[in-house]
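J.: Based on what follows, work out the 3D shape:
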Amino acid sequence: MRYVLRVFVSAKHMTAKVVEGNNGREVASASSVEHALRSAFQWGKGCDARSAASVGEVLAMRLKTEAPEVGVGGGVHLNVEKEIDKKSVDNGDKVWTVVNALRNRGVKVFVTDDRS
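T.: Residues are numbered from 1 along each chain as shown. Next up, the predicted model:
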């Protein structure tokens, strides 16, 4: 089964989640709108690299506990251009920050690029 990383970034918040590629069922997620993350940062100023890293770290921890076959074993796939190009806001750095946070916590992330 293939698991896919989806990252949604707005001017103020971000959500990262892993879904089953076949049916779209959510496996784990983390969002800046959650109370624990929201209270840790000044979100009114927008989503920055530090807060994006925190969302990625929380997602990695949840993957390891809620779906160890993904978090410790198989890993997740990411179409980087698709995730970055979703919105008109410049969110490329934030998407890569989430990817790096997942990798730093031991989650395999397989990145593809449609341009190649």
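J.: C-alpha only now, for contacts and for neighbours.
T.: Fine.
J.: thought residue 38 was touching residue 15?
T.: No. Because the distance of 11.9 Å does not satisfy Cα atoms under 8 Å, residue 38 is recorded as not touching residue 15.
J.: which residues do those two both contact?
T.: In terms of Cα atoms under 8 Å, 6 or more residues apart in numbering, residue 38 and residue 15 are both contacted by the residues residue 32.
J.: neighbour-wise, which of the two wins?
T.: Between residue 38 and residue 15, counted using other Cα atoms under 10 Å, residue 15 has the larger neighbour count: 20 against 15.
J.: Apart from its chain neighbours, what residue comes closest to the most centrally placed residue in the chain?
T.: By Cα atoms, centre = their mean, the chain has its centre lying nearest to residue 16, at 3.4 Å. Beyond its immediate neighbours in the sequence, the residue positioned closest to residue 16 (Cα to Cα, 6 or more residues apart in numbering) is residue 7, lying 4.4 Å away.
J.: Next, the contact list for that neighbour, please.
T.: Neighbouring residues of residue 7 by Cα under 8 Å, 6+ apart: 14, 15, 16, 17, 83, 95.
J.: taking the residues you listed one by one, which sit in helices?
T.: Within the contacts of residue 7, membership in helices is found for 83, 95, as judged by DSSP state H.
J.: Between the contacts of residue 7, which sits nearest residue 23?
T.: Compare each of the contacts of residue 7 with residue 23 using Cα to Cα and the shortest gap goes to residue 17, at 14.2 Å.
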